[in-house]
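K.L.:
no sequence for this one, just the structure:
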């Protein structure tokens with residue numbers, strides 16, 4: 001399954017592009033261009049995006065990506 005993203009550059013620039021949290025002003029600019037679903041804002045996301053978000057969060061909570069690392073490397077990580 002391949003994700004396909006359609007992107008159009010926003011008419012406005014985001015205010016704080018290098019911060020780990022999307023600021024309220026930036027969310028207002030970006031929500032018209034992207035389907036955004038984050039832990040603190042899921043109101044405008046489509047059901048498909050919400051479902052994908054929940055799958056990602058569940059996999060993160062189960063440490064799925066770490067468990068897929070080959071055993072000898074995984075042992076070194078711990």
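P.N.:
Thanks, I have it. A quick note: this is a predicted structure, and the numbers were derived from the prediction, not measured.
K.L.:
rest of the way, CA atoms for contacts and neighbours
P.N.:
Noted.
K.L.:
Around residue 30, how many other residues sit close by?
P.N.:
Counted by other C-alpha atoms under 10 Å, the residues lying close to residue 30 total 19.
K.L.:
Let me see the ranges of the helices in the protein.
P.N.:
With helices called from DSSP state H, the chain shows them at 24-30, 47-61, 64-67, 71-77.
K.L.:
Buried residues, the helix or strand of the chain with the lowest mean pLDDT. List them.
P.N.:
Least confident helix or strand, the chain: helix 71-77 with a mean of 75, by mean pLDDT, DSSP states H and E. Buried residues in helix 71-77, counted by 16 or more other C-alpha atoms under 10 Å: none are found.
K.L.:
And for stretch 34-53?
P.N.:
34, 36-37, 45, 49-50, 53.
K.L.:
can I get those residues in a markdown table with distance to residue 60 and pLDDT?
P.N.:
Converted to a markdown table, those look like this (distance: C-alpha to C-alpha, whole Å; pLDDT from 0 to 100):
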| residue | distance to residue 60 | pLDDT |
| --- | --- | --- |
| 34 | 23 | 81 |
| 36 | 18 | 82 |
| 37 | 16 | 83 |
| 45 | 20 | 86 |
| 49 | 16 | 90 |
| 50 | 15 | 92 |
| 53 | 10 | 91 |
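K.L.:
what would the residues you listed look like in TSV with distance to residue 64?
P.N.:
Output for these, formatted as TSV (distance: C-alpha to C-alpha, whole Å):
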residue	distance to residue 64
34	27
36	23
37	21
45	25
49	20
50	19
53	15
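K.L.:
which two of those residues lie the greatest distance from each other?
P.N.:
Distance extremes for the buried residues of stretch 34-53: the farthest pair is 34 and 53 at 14.1 Å, using C-alpha to C-alpha.
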